[in-house]
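# one predicted model, sequence on top.
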Amino acid sequence: MRHRLLPLVWTLAFLLLAVMLSIAVGSVFIPPSDLWLLLTGNISGSLPEPLATYALIIVSIRLPRTVMVALTGAALGTSGAAYQGLFRNPLADPYLIGVASGAGLGAVIAMSIQWPYSFWGLMAIPMAAFLAGLLTVFIVYSLARVGRTVPTTNLILAGVAFGSFATALTSFLMLRSSGEIRRALGWLLGGASQSGWMPVLGILPYLIIGLSILLLSGHALNLLQFGDEQAHQLGLPVTRAKTIILVAASLATAAAVAFAGIIGFVGLIVPHVMRMWFGGDYRRLIPLSMVGGAAFLLVADVLARVVLAPQEIPLGIITALAGAPFFLWVLRRSKNQGYW
Amino acid sequence: MARKLILGLLTLTLVLAACAPAATPTTEPAPTAAPTVEVPTVAPTVPALTLTDGLGRTVTLTGPAQKVVSMAPSNTEVLFAVGAGSQVVGRDEFSDYPEEAKSLPSIGGSMGQYSYEQVAALKPDLVLAGGINTPEQVKALEDLGISVFYLGNPSTLEELYANLNLVAKLTGRESETGALVDSLKARVKAVDDKLAGVADKPVVFYEIDASDPNKPYTTGPGTFIDLLIARAGGQNLPGLTDAYPQVSLEQIVLANPAIILLGDAFYGTTPEAVAARPGWSKIAAVTNDRVLPFDDNLVSRPGPRLVDGLEALAQAIHPELYK
Amino acid sequence: MLRIENLSVSYGARRVLHHVSLTVENGELLALIGPNGAGKSTLVRAVSGVVPAQSGSARKNGTNLLTVPASERARIISVVPQVASLPPAFTVWETVLLGRTPYLNFLGQVSAADEGIARQSLQRVDALDLIDRRVGELSGGEQQRVLLARALAQSTPILLLDEPTSHLDLHHQVGLLELVRTLAHHDGLAVLIALHDLNLAARYADRIALMVDGRVRALGMPNEVLRPELISEAYHLPVQVIPNPLDGSPLVLPNSSQK
């Protein structure tokens, strides 16, 4: 029993480390002595400078950002694992059936409207992205359906086709807009464009629903690895299971993309690494990808803040740049040849 | 509650923080004799300055801002122009004019990403955001308890003067700015007078990017350049509708501009290179050797140098008036 | 007992099974034979619910297996497919355990009893030594035995096999069929097996159903169905049938296709 939980323990430890790193490190260097002071000083009432600024940075900037990045990473890692299991394809990632492309289109369309500066005005873009992402999945699913079944090949084809269409339309709109192209580009490159606790609250309900369902879907995904026919013959209501998993993963991905932009690589790499290290049983792979995804993205975010400080790099660029060599390193070191 | 959170999470962070990459702070919080500041905001007791910004927000300051952070190169130019240069404590990555601005600490701004931590560390009493900034960025700083004023992009010279006056009010430089605005108006009038009665309005092609010489990018209605070209006695390519359209070489040949201004000269485009482009040699501007490099910053940053830009445009378009 | 009645299946506009009716008794091994495209695999897939039927039913004790939910059907019918896509990284143990799915909760939590049944199944197919091997590393024959073990772990009264011997060498063909016959005669399962080898069918099946073009052409004891005129007509090939010198069952010998 202890042996089976060990991978999760290790990954959680890594996550904890990443969280602490994310809070301690940023583009402003907080000296350890001041950290210690904040920690042990008998603090009551107002703080002297520069501690007050450090406290502000930690509580109002780094803490909500850490939580947001962790949640985003968890959503992408889990969805990636679910998609890879659903499509039985090592190249599958959460954006395979067009969620990101659709969400991007929704966001860019929303950006072309001048919303009032208010709570709902600022929520307009993430909401448009979220709804567009879900709508895309719905359209792709409907296109792919054959009678009572949803063949995975159809899903991939429809998703890629519709996704390309949405991306092309997005690029076109961006080129035609005058000032908004920079804003759109920043959004598309990824990274929490909104700050504070609002995006966390925005993303949370969908993540809770989506990720809970996915955490319980490990056994179904194991069965699906044998193909729709064998899974059916073993007693899995295949179409229903696939639909539920698809909806849950899409919900989590759409929410993540709506608030954090398009961050690639996490959903592809993290499940692979977890599979290489800990095996392909989806009952373990899903929770491991969730925790691993959060940790990975947190580390990437720390790099984004620190490498060119004070300039911050968009998160999507870091994950792509840092993810590739990391993955190659893991691949070379992997003794487990037949891991897929 | 926040303190407990910090306590718990930072217990083991000491080692990590000590090994943190050498992200050298661009500024140490100046050891002033400032009184202790409560976290996170200070509520102004007596609203001395209340203004409405470009996003419709009401911004209130206790007095003229003494520590301003600029989020856009145009704002930096405006601040220095109104005489508030000494009150600027931080600027975005691309602020390069005037020369003194370069030595100020940077807060990021490339790729649309600013470091809010750096801004917070500078402890500004005002952040001046501009047209290139998004409402999300304004909100992020607002949430940190920092006063932000969004200076909307002007679309006419009158709106530019209004912006200058706004910034002057915010920084307590009304007297200097009055003189500045007057001198700007005088210079504009001088150009207008020179051009009065000139019937000939040569076609001008303003190039901002020609990575594909068959489909270069230019500026159209909605941009200041378009406005200034007209004010400087020229006319832009006919038939443009978008602000930054991509036009085909055929369209340019058809319009046969008398002058080509290379707004992309900064990136290495030369008149010789333009003349060598296939299909460009017959254009009037090329045959008459009137392809000129142009400092794009003079006409794309919504600041007082727009007037410099206007003068430069007038000289380029009607050199005969400046002999 | 599996009672198939008037089962019709179409792929799009093409009718593949025409009102097929047959019954497999408990304790009986019934072999499905016929040329390629006769509908043997389709029949197996339709009865297991994978392919929708346009009309007809497949019943056990009155329950129409085609209309019950998949989980309930999986407790009644188990299938050994042709060696199909097997995820190479799964171990034999993990694969066979999945056979217990109809009895597990949706999290797939396995009890000691489930593990015991899985182990027993592996033992019966003589594959216990493969238990920790990855499925991708096994030979075709070994994989087939693992699939049979998985079906056994499913503990169903009805067992369907779709051409399980196509990748096996002689030794393993005989081994598998002897095991399957024991399952029928000894354990009382109703076993329906699609076979392409006529002589194996003759030796091991209690009854044979000859399928041609989606219909049951003949159904009965081996020597009733394996008659030269029936086989020649079905396979478009002249054949001779003689008694097998070893046990007297019909032995089908193809004549040359050129007279």
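Nice, thanks for sending it over. Numbering: from 1, shown residues only, chains lettered A, B, ... in the order given.
# which residues touch the residue nearest the centre of chain A?
Nearest to the geometric centre of chain A sits A:L76, at 2.8 Å (CA atoms, centre = their mean). With contact set as CB atoms under 8 Å, 6 or more residues apart in numbering or on different chains, A:L76 has these partners: A:94, A:253, A:256, A:263, A:266-267, A:270, A:293, A:297. Bear in mind the C-beta positions are built from the backbone N, C-alpha and C, glycine included.
# one more pass at 10 Å, please.
Residues near A:L76 by CB atoms under 10 Å, 6 or more residues apart in numbering or on different chains: A:93-95, A:252-253, A:256-257, A:260, A:263-271, A:289-290, A:293-294, A:296-297, A:319.
# how about C:G175?
C:G175 neighbours (CB under 10 Å, 6+ apart): C:125-126, C:141, C:145, C:165, C:168-169.
# next, format the residues you listed as JSON lines and append distance to C:A209.
Listed next are those as JSON lines, based on distance: CB to CB, whole Å:
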{"residue": "C:V125", "distance to C:A209": "25"}
{"residue": "C:D126", "distance to C:A209": "29"}
{"residue": "C:G141", "distance to C:A209": "26"}
{"residue": "C:R145", "distance to C:A209": "25"}
{"residue": "C:T165", "distance to C:A209": "17"}
{"residue": "C:L168", "distance to C:A209": "22"}
{"residue": "C:D169", "distance to C:A209": "26"}
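# how far does stretch C:63-81 sit from its chain's centre?
Distance, stretch centre to chain centre, for stretch C:63-81: 14 Å (CA atoms, centre = their mean, to the nearest Å).
# state the pLDDT value of A:P32.
Confidence at A:P32, expressed as pLDDT, is 80.
# repeat that for the one 3 residues further on.
What the model reports as pLDDT for A:L35 is 74.
# you'd agree it is in a helix?
Yes: under DSSP: H, G, I helix; E, B strand; the rest coil, A:L35 sits within a helix.
# what's around it, how many residues?
22 (other CB atoms under 10 Å in any protein chain shown).
# how about A:W197?
There are 15 residues near A:W197, going by other CB under 10 Å.
# and the host helix or strand of C:A31, anywhere near chain A?
Taking DSSP states H and E as the criterion, C:A31 maps to strand C:29-33. No: if you take CB under 10 Å from any CB of the partner chain as the test, strand C:29-33 misses chain A, and the best it gets is 17.1 Å.
# find the nearest non-adjacent residue to A:I113, please.
Distance criterion CB to CB, 6 or more residues apart in numbering or on different chains; nearest residue to A:I113, sequence neighbours excluded, is A:A124 at 7.5 Å.
# wait, doesn't that neighbour sit right on A:P116?
Yes: using CB atoms under 10 Å, A:A124 is in contact with A:P116, at 9.2 Å.
# okay, now the closest residue to A:L37 other than its chain neighbours: neighbour count?
Among residues not flanking A:L37 along the chain, A:L51 sits closest, at 6.4 Å (CB to CB, 6+ apart). A:L51: 21 surrounding residues under other CB under 10 Å.
# could you measure from A:L51 over to chain C?
In this view, A:L51 and chain C are 49 Å apart by CB to the nearest CB, to the nearest Å.
# repeat that for B:P304.
B:P304 is 68 Å from chain C, by CB to the nearest CB.
# if I pick that residue, what's in contact with it?
Taking CB under 10 Å, 6+ apart, one finds B:74, B:77-78, B:80-82, B:160-161, B:163-164, B:177, B:180-181, B:183-184, B:187 in contact with B:P304.
# C:G108 too?
C:G108 neighbours (CB under 10 Å, 6+ apart): A:216, A:218-223, A:281-283, C:97-98, C:100-101.
# let's see that with 7 Å instead.
A:218-219, A:222, A:283 (CB atoms under 7 Å, 6 or more residues apart in numbering or on different chains).
# now residue 126: closest residue in space that isn't a chain neighbour?
Because you didn't say which chain, this covers chain A. Per CB to CB, 6+ apart, closest to A:P126 is A:A258, 4.3 Å.
# the chain in question should be chain C.
Using CB to CB, 6+ apart, the closest residue to C:D126 is C:R145 (7.0 Å).
# before we move on, the earlier item: what's the helix or strand for the residue nearest to the centre of chain A?
Going by DSSP H and E, A:L76 is part of helix A:63-87.
# and what of C:A209?
Element membership of C:A209, judged by DSSP H and E, is strand C:207-212.
# again with C:L192
Using DSSP H and E, C:L192 falls in strand C:190-194.
# show me what the helix or strand that that strand is followed by is in contact with.
Downstream of strand C:190-194, the next assigned helix or strand under DSSP H and E is helix C:198-204. The contact list for helix C:198-204 (CB under 7 Å, 6+ apart) reads C:29, C:31, C:33, C:165, C:173, C:177, C:181, C:195, C:208, C:222, C:226, C:247, C:249-252.
# any regions of chain A where pLDDT drops low?
By pLDDT under 70, the weakly predicted segments of chain A are A:1-2, A:39-45, A:178-179, A:191-193, A:334-340.
# get me the contact residues on it for chain C.
Within chain A, the positions adjacent to chain C are A:216, A:218-219, A:222-223, A:225-227, A:229-230, A:232-237, A:280-281, A:283, A:338-340 by CB under 7 Å from any CB of the partner chain.
# looking at those, which are in helices?
Judged by DSSP state H, the residues of chain A next to chain C include A:218-219, A:222-223, A:227, A:229-230, A:232-233, A:283 as members of helices.
# in the stretch 51-200 of chain B, what residue is nearest chain A?
Here the stretch 51-200 of chain B gets closest to chain A at one residue, B:G112, 3.1 Å apart by CB to the nearest CB.
# just give the closest residue to that residue, not the sequence neighbours.
A:G186 (3.1 Å).
# which parts of the helix or strand hosting that neighbour are buried?
Assigned by DSSP H and E, A:G186 belongs to helix A:180-189. Within helix A:180-189, the residues scored as buried using 16 or more other CB atoms under 10 Å in any protein chain shown are A:180-181, A:183-184, A:186-189.
# about what we covered before: please, a ChimeraX command that selects the buried ones among the contacts of B:P304?
Selection of buried members from the contacts of B:P304 for ChimeraX, criterion 16+ other CB under 10 Å:
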select /B:74,77,78,80,81,82,160,161,163,164,177,180,181,184
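# pLDDT check: weakest of the contacts of B:P304?
B:T177 (91).
# which residues touch the helix or strand hosting that one?
According to DSSP H and E, B:T177 maps onto helix B:174-195. Helix B:174-195 is contacted by residues B:81-83, B:157, B:161, B:164-165, B:168, B:232-233, B:304, B:307, B:310-311, B:314, B:318, B:321 when judged by CB under 7 Å, 6+ apart.
# how distant is it from the center of its chain?
Worked out by CA atoms, centre = their mean, helix B:174-195 lies 20 Å from the chain centre.
# picking that back up, pick out whichever of the contacts of B:P304 sits closest to chain C.
Using CB to the nearest CB, the contacts of B:P304 come closest to chain C at B:S74, 58.1 Å.
# who touches the most centrally placed residue in chain B in this structure?
Centre of chain B computed as the mean C-alpha position; nearest residue by CA atoms, centre = their mean is B:S74, 2.4 Å away. Shown in contact with B:S74 (CB under 7 Å, 6+ apart): B:130, B:301-303.
# and which of these is nearest A:L143?
B:G130 (44.0 Å; CB to CB).
# give me the number of residues near that closest one?
Neighbours of B:G130 using other CB under 10 Å come to 24.
# so what's the nearest residue to it once chain neighbours are set aside up against?
Using CB to CB, 6+ apart and skipping residues adjacent in sequence, the residue nearest B:G130 is B:A72, 3.2 Å away. Neighbouring residues of B:A72 by CB under 7 Å, 6+ apart: B:92, B:130, B:132-133.
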